[in-house]
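Trainee: Below are the sequence and a predicted model; questions follow.
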Amino acid sequence: MVGGLCVGLGILGAVLPLLPTTPFILLASACFMRGSPRFHHWIIHHPTFGTFIRDWQEKRALRRSAKHRAMALIVLSFTVSIYFSPFLWLKIALLIFAIVLLLWFVQLPVIEHLADDEENH
């Protein structure tokens, strides 16, 4: 039940500003892994989310391209939210939250493709 809710919120987060996608999908994966092997298999092999989840579960890291796309979407969604926000205090709060989120996100490890390719050959 919680896993399904997390998948739904993750899908909504893909199209709604300020609602994150990745944490909900990762939480759904953790729930499915424990509660439903069938759903866990589905989400791990999902064409959109599967690669990100496997990278995080196996290496606790993101691919550089995914990290750059995510950072661009964070900046875009916060910029739109700040622009349309009617209150100055909310604009300031959103800006602070965006800066903190980006500072945290930049710290996440990156998967180096060259190192992975050399290990596999």
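Mentor: Perfect, thanks for sending it. Numbers count the residues shown, from 1 in each chain.

Trainee: could you list every residue that touches residue 42?
Mentor: residue 32 (CB atoms under 8 Å, 6 or more residues apart in numbering). For glycine as for every other residue, the C-beta is placed from the backbone atoms N, C-alpha and C.

Trainee: Going by contacts, tell me the helices and strands next to the host helix or strand of residue 76.
Mentor: Using DSSP states H and E, residue 76 sits in helix 64-84. Where contact means 3 or more CB pairs under 8 Å, 6 or more residues apart in numbering; DSSP states H and E, helix 64-84 is packed against helix 50-59, helix 88-106, strand 110-111.

Trainee: for that helix, which positions count as buried?
Mentor: Within helix 64-84, the residues that qualify as buried are 66, 67, 70, 74, 77, 78, 81, counting by 16 or more other CB atoms under 10 Å.

Trainee: Next, format those residues as CSV and append pLDDT and distance to residue 99.
Mentor: Below are the buried residues of helix 64-84 laid out as CSV (pLDDT from 0 to 100; distance: CB to CB, whole Å):
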residue, pLDDT, distance to residue 99
66, 86, 21
67, 89, 17
70, 86, 15
74, 87, 10
77, 86, 14
78, 90, 9
81, 88, 14
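
Trainee: between those residues, which is closest to residue 97?
Mentor: residue 78 (7.6 Å; CB to CB).

Trainee: Just give the nearest non-adjacent residue to that closest one, would you?
Mentor: In space, and not counting its chain neighbours, residue 78 is closest to residue 98: 3.9 Å by CB to CB, 6 or more residues apart in numbering.

Trainee: Tell me who's in contact with residue 22.
Mentor: Applying CB under 8 Å, 6+ apart, we find residue 22 in contact with 10, 52, 70.

Trainee: before we move on, the earlier item: so what touches the helix holding residue 76?
Mentor: Helix 64-84 has contacts (CB under 8 Å, 6+ apart) with 17-18, 22, 51-52, 55, 62, 91, 94-95, 97-98, 101-102, 105-106, 108, 110-113.

Trainee: Much appreciated, bye for now.
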